[in-house]
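Peer 1: my questions concern the predicted model and sequence given below.
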Amino acid sequence: MLANLCRWSVLFMPLLCQAAPLSVRVMAPDATGVSGVAVYLESGVPMPVAAPRRTVEIQQKDKSFAPYLTVIGNNDKVVFTNRDDITHHIYSVNGPARFSFKIREGEENADQQFNQPGIIAMGCNIHDWMSGYLLVADAAYATTTDSDGWARFDAIEPGDYRVVAWHPQMREPGPLSLQLTVQDRSELNLQLTQPMAEIPRQKGIDDFDFLDGY
C-alpha cells in the first residue's frame, strides 16, 4: 500500500513519502534519560550495496575506549584513532570480525571491515583494564543516545521499522524494541525495567605505558 502511495505521490502528493525525523528516548526506571545507549532501526528490507554512509570514530583516549559503546549500521565505516601519547594493541575478544593490531601515538586504523552483524567486545593487550564494545547492526539507521537519553535521526525513509535499544550494561532479558511506522510517530520512549549496571572502571592498579617489543 505504501509503495503505491509513493508512486502516486510523484504527481499528486509530493510531501507524503518524504523522509521524516525521528527521536527515540531511552529512559531508566525512574524516567531519567540514559546516555550512551545504542539505538538502531531494522527495516526488514535488504539494504543495497552502497558507499559508506558515515564514518564512525573509536578513540583510544586516556587509556580507555571513547566511546565505551559504538554502534554502526549498514555501510558505515569505522576508524580507530589513538589520541594517547603511547602505543595500544587493540584486539577483538569475540564477534563476527576478529582483529588485532598495534596503533601508535597519533595513528589511525581504518582497515577493519565490519560487514556481518554482531556484538564485538574489544580490549588492549598492553592495558588489560581497557574494555569497549562495537555493535554492528543490520540496520538502515544507527546512533547512540545523548546526555539526556535521546537518539535523534534527521531523515528516516517512510516504512515499517523495529526500533531497538541495547547496551552491554543493560539488565533486561534482551534488547528493548518496539515496532513503528515512520510518519505515524515522530517521538517515542523506551523505558528500562532495571537500573543499568556500572561500566567497568577503565583504570589499572599498576599503570604502565608500554611493554618491551612494542
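Peer 2: Yes, it's here.

Peer 1: check which residues of stretch 152-160 are buried.
Peer 2: Using 16 or more other C-beta atoms under 10 Å as the test for burial, stretch 152-160 gives 153, 156, 157, 158, 159. Where C-beta positions appear, they are placed from N, C-alpha and C, glycine not excepted.

Peer 1: what's the closest of the residues you listed to residue 202?
Peer 2: residue 153 (29.2 Å; C-beta to C-beta).

Peer 1: so residue 82 sits right up against residue 105, yeah?
Peer 2: Yes. Look at residue 82 against residue 105 with C-beta atoms under 8 Å: they come within range, at 6.0 Å.

Peer 1: including secondary structure and distance to residue 100, could the buried residues of stretch 152-160 go into CSV?
Peer 2: As requested, the buried residues of stretch 152-160 are exported to CSV (DSSP: H, G, I helix; E, B strand; the rest coil; distance: C-beta to C-beta, whole Å):
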residue, secondary structure, distance to residue 100
153, strand, 34
156, strand, 36
157, coil, 37
158, coil, 42
159, strand, 39
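
Peer 1: relative to residue 74, which of the residues you listed is nearest.
Peer 2: For these, the nearest to residue 74 is residue 157 (12.9 Å; C-beta to C-beta).

Peer 1: where does the residue nearest the centre of the chain fall, secondary structure wise?
Peer 2: Nearest to the geometric centre of the chain sits residue 71, at 1.4 Å (C-alpha atoms, centre = their mean). Element membership of residue 71 [criterion: DSSP states H and E] is strand 69-72.
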